[in-house]
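Asker: Pasted the sequence and its predicted model underneath.
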Amino acid sequence: MQDCRKRMEYVKRRLASLPNAQFLLSFIEHLRAMGISDVGTIKYVTHVCTIMNACPFDPSTTTRAEIERVVAWANSQPYKELTKVDFKLTIRKLVQYGLVHVPSGRREWEGGLPEGVCERGTTTTCSTCL
């Protein structure tokens, strides 16, 4: 438990150094509110740090082209397939949180998310999820 707390503080410091830090830190609370465990939250946040360092984007104002660029980056990495799936799931959660929970007034998504982002291990689009 102590190690989990230290790890959470570490990932929070990493998030605080990224663009959109306030949004990304609020994403942690969103994950906790969804009932995701501390270990699961740390996994998602670590993935967010990796993704944002490689392909920075603003989840609350992103476009389909930006999401496709980020998903293409994830697919091109030399990670195992399950890690790539976790990256895409993290991207999906982050974008959904950005589109729904940010008070920017943007509530619509034109066209759904790119293929491969919606379901674990499938290539269905996400227009019904949003």
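Answerer: Thanks, I have it. Numbers count the residues shown, from 1 in each chain.

Asker: which intervals of the protein have sub-threshold pLDDT?
Answerer: 1, 102-130 (pLDDT under 70).

Asker: One more pass at 90, please.
Answerer: 1-2, 19-20, 60-62, 98-130 (pLDDT under 90).

Asker: the helices in it, which residues?
Answerer: 2-16, 21-33, 38-54, 64-76, 81-101 (DSSP state H).

Asker: Quick one: distance of the first one to the chain centre.
Answerer: What it means is helix 2-16. A distance of 17 Å separates the C-alpha centroid of helix 2-16 from that of its chain, computed with Cα atoms, centre = their mean, to the nearest Å.

Asker: so R7 makes contact with I42?
Answerer: Yes: here R7 reaches I42: they are 5.3 Å apart, a contact under Cβ atoms under 8 Å. In this view, the C-beta of every residue, glycine as well, is placed from N, C-alpha and C.

Asker: neighbour-wise, which of these two wins?
Answerer: Higher neighbour count among R7 and I42: I42, with 19 against 16, using other Cβ atoms under 10 Å.

Asker: which ones are touching that one?
Answerer: 4, 7-8, 11 (Cβ atoms under 8 Å, 6 or more residues apart in numbering).
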